[in-house]
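Trainee: How does the following fold in three dimensions:
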Amino acid sequence: MSAVLRRPLLAVPVILTALTGLGILGVAVGALVANPERFGVGVALMLTIYGAALIAIAWLVARGQRWALGLIVASSLLHAMVVYSLMGTDDRAQFIGTLVVAPFVLATVVTSVVAVGRGEMEKA
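Mentor: Numbering: from 1, shown residues only. Alright, predicted model coming up:
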């Protein structure tokens, strides 16, 4: 196990970012199944690239790359904005899905920002 993953304040955002990447890869498969036409393929391709990028960023932080922790902060803030915007939807299923995801996004934002503020990568 890497020294980064032994520090809970770093392990939480790394693991949650990797899980988010896996979730987005699952959404990419769903987008392709739901719409196998050109638009669906394009959406699935972009989601696949984004999901793979999140997994790669989590892996880089786990390997001790300090600069990549900033990318976790940035992506988690982006996800927080998306969750906030989806909270106002009229679609009940989308709203419930957003409520389920929101605590994990919030945990990623808080732990990654605090980890940067405390210099946790330097201690690992």
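
Trainee: okay, CA-based contacts and neighbour counts for the rest of this
Mentor: Noted.

Trainee: Which strands and helices lie in contact with the helix or strand where residue 56 lies?
Mentor: Here residue 56 sits within helix 38-62, counting by DSSP states H and E. Packing partners of helix 38-62 (3 or more CA pairs under 8 Å, 6 or more residues apart in numbering; DSSP states H and E): helix 8-34, helix 66-86.

Trainee: export these to TSV and tack on mean pLDDT, mean neighbour count and distance to residue 109?
Mentor: Output for those, formatted as TSV (pLDDT from 0 to 100; neighbours: other CA atoms under 10 Å; distance: least, CA to CA, whole Å):
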stretch	mean pLDDT	mean neighbour count	distance to residue 109
helix 8-34	92	19	8
helix 66-86	93	17	5
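
Trainee: Can you read off the backbone torsions of the residue of the chain most remote from its centre?
Mentor: Residue farthest from the centre of the chain, counting by CA atoms, centre = their mean, is residue 37 at 27.0 Å. Note on residue 37: backbone dihedrals following degrees, to the nearest 10 are phi -80, psi -180.

Trainee: do residue 116 as well
Mentor: phi -70, psi -40.

Trainee: Pull the number of nearby residues for residue 122.
Mentor: Residues contacting residue 122 under the criterion other CA atoms under 10 Å number 10.

Trainee: how near is it to residue 91?
Mentor: Noted for residue 122: a distance of 44 Å to residue 91, by CA to CA, to the nearest Å.
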